[in-house]
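Peer 1: Only the shape, not the letters, is given here:
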């Protein structure tokens, strides 16, 4: 299953907290990528946060994956989860007569 996890900073960490969290957040995110759970990731342009494109078993699996990240564990970031799939109506274009 593919899931977009759209994260937003809801409680900005102080500079001291950033100095403690970010050296753990970045490697943890990269490990999820190397494990094949996060397929793509971006920084948001509209506000502080990230967008992850995940390959997981379920929305609950996506929640568990991002829940392990330090910014999420610390209560600094929250996520909206959107399951996605193939654009099913396109199948109408290739149905045989």
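Peer 2: That came in fine, so what should we check first? Predicted model, so just to flag it, every value in this text is computed and none were measured. Numbering: from 1, shown residues only.
Peer 1: got the buried residues for the longest helix belonging to the chain?
Peer 2: Criterion DSSP state H: the longest helix present in the chain is helix 15-34. For helix 15-34, a neighbour-count test (16 or more other C-beta atoms under 10 Å) marks 21, 25, 28, 29, 32 as buried. Backbone N, C-alpha and C define where each C-beta goes, glycine included.
Peer 1: nearest to residue 87, of those?
Peer 2: Using C-beta to C-beta, residue 32 is the member of the buried residues of helix 15-34 that lies nearest residue 87, at 26.4 Å.
Peer 1: Please tell me how far the closest one sits from residue 14.
Peer 2: Residue 32 sits 25 Å away from residue 14, going by C-beta to C-beta, to the nearest Å.
Peer 1: Residue 26 too?
Peer 2: Distance, residue 26 to residue 14, by C-beta to C-beta: 18 Å.
Peer 1: Centre-most residue in this protein?
Peer 2: What sits nearest the mean C-alpha location of the chain, by C-alpha atoms, centre = their mean, is residue 52, with 3.0 Å.
Peer 1: residue ranges with poor pLDDT in the chain?
Peer 2: Applying pLDDT under 70 to the chain flags residues 96-97.
Peer 1: can you pull out the strands in it?
Peer 2: Ranges of strands in the chain, per DSSP state E, are 2-9, 38-43, 49-55, 77-84.
Peer 1: Of all the ones you listed, which one is nearest residue 95?
Peer 2: Smallest distance to residue 95 across the strands of the chain (C-beta to C-beta): 22.6 Å, for strand 77-84.
Peer 1: what's the spacing between the closest one and its chain's center?
Peer 2: 7 Å (C-alpha atoms, centre = their mean, to the nearest Å).
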